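# Have a look; sequence and predicted model below, questions after that.
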Amino acid sequence: MEKIERINFYEEYPDNPENLEKARLIDFPSMIYIAAHSVSEFKKFREKLLAINPKLEAAYWPIINRSYWVSAFSYSLDLEGMINDVLSAGEPLTVLVDLELPILAGRRHLFFKNLFSFSNNKKMIRNFLRKASRHGITPVTAQYPAPFGLAESVYRFLGNSYDPVLGHRSSPMYYSSMIADFLKPMMHKHLTKQRSQNRNLELSLGVIATGVFGNEQILTPQMLSQDLQYATNAGFKTVTLFRLGGLNSEYVEVIKSFL
């Protein structure tokens, strides 16, 4: 059986030096998706990361003003500002488009406030994914995993998933520590089917450290091993873990056994 070729990491809080310091544990090919509010801020964090481990690659994870994640319910001006910032970066970049609904406390009003911008925002995101490569940008979408085809269609309607023919790479967030057990077999089946139809499909796994919600359940090394075994069996070549700040020697041992 073929093994996973690459394991990358998300880092949501690069302003905490302890998180980027975990990059010292990585001695295998890896890319770190660094959250930042602008390309210029990302470049500062990238410089710090590469000073810690120059063998790594860095990618930009844009945090959107007022909505946090990229969403068709974001403010149009915020989306446009992020896209223009990325397209004018002046260098090739891999960019994470974190497609999530505004369900964070204090942002749920966006479902109603920006309802009339919804269609235009979907089009704006779709156009960005389509034209990004002309500007040297490689977009990677992080998105909710669908347990079956109908759910995938709903995600497409909501702007949380886009047709891969646009040219982007997709990485469904199969965070098993946060998913009900009864859904996991269905998600495995659907993700495996998607992978067979799209050989460029990637997979996000987690979580090994809490994120913006602050109460996410953490994978044990044994649970991570099970998830990586599924990814291997399903034929995924690239896996991204949430997040770098949770990395330790036990996780590294598990990871390296699958590479």
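Nice, I can see it.
# what sits against the residue lying closest to residue 82 once chain neighbours are set aside?
Once flanking residues are discounted, residue 82 sits nearest to residue 62: 5.0 Å by Cβ to Cβ, 6 or more residues apart in numbering. Just so you know, the C-beta spots here come from the backbone N, C-alpha and C atoms, and that holds for glycine as well. The neighbours of residue 62, taking Cβ atoms under 8 Å, 6 or more residues apart in numbering as the test, are 35-38, 70, 82, 85-86, 95-98.
# Now do the helices in this structure.
For the chain, applying DSSP state H gives helices covering 17-21, 39-52, 76-87, 110-113, 118-131, 149-158, 184-197, 221-234, 249-256.
# how close does residue 206 sit to residue 195?
18 Å (Cβ to Cβ, to the nearest Å).
# More neighbours: which of those two?
residue 206 (26 against 19; other Cβ atoms under 10 Å).
# Look up phi and psi at the nearest residue to residue 213 once chain neighbours are set aside.
Nearest non-adjacent residue to residue 213, counting by Cβ to Cβ, 6+ apart: residue 104, 7.8 Å away. The phi/psi pair for residue 104 (degrees, to the nearest 10) reads phi -70, psi 150.
# which among the contacts of residue 62 gets closest to residue 51?
residue 36 (16.4 Å; Cβ to Cβ).
# Look up how far residue 240 lies from that closest one.
Distance from residue 36 to residue 240, counting by Cβ to Cβ: 17 Å.
# Counting neighbours, go ahead and name the busier of those two.
Shown here are residue 36 and residue 240; by other Cβ under 10 Å, residue 240 has more neighbours (25 against 19).
# Nearest the middle, which residue of the chain would you pick?
residue 142 (3.7 Å; Cα atoms, centre = their mean).
# what does the model give residue 65 for pLDDT?
At residue 65, the pLDDT value in this model is 88.
# pLDDT weak spots in the stretch 51-200 of the chain?
Judged against pLDDT under 70, the stretch 51-200 of the chain has no low-scoring part.
# Residue 79: neighbouring residues, count only.
24.
# same thing with residue 129?
Residue 129 - counted by other Cβ under 10 Å - has 20 other residues nearby.
# Does it touch residue 99 like I think?
No: using Cβ atoms under 8 Å, residue 129 is not in contact with residue 99; the gap is 10.2 Å.
# overlap in contacts of the two?
With Cβ under 8 Å, 6+ apart, residue 129 and residue 99 have common neighbours 141, 162.
# one step back: in strands only, show me the contacts of residue 62.
35-36, 95-98 (DSSP state E).
# can you tell me which two in the residues you listed are farthest apart?
36 and 97 (14.0 Å).
# re earlier: would you mind putting the helices of the chain into JSON lines with distance to residue 174 alongside?
Formatted as JSON lines, the helices of the chain follow (distance: least, Cβ to Cβ, whole Å):
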{"stretch": "helix 17-21", "distance to residue 174": "22"}
{"stretch": "helix 39-52", "distance to residue 174": "25"}
{"stretch": "helix 76-87", "distance to residue 174": "26"}
{"stretch": "helix 110-113", "distance to residue 174": "25"}
{"stretch": "helix 118-131", "distance to residue 174": "21"}
{"stretch": "helix 149-158", "distance to residue 174": "13"}
{"stretch": "helix 184-197", "distance to residue 174": "6"}
{"stretch": "helix 221-234", "distance to residue 174": "7"}
{"stretch": "helix 249-256", "distance to residue 174": "16"}
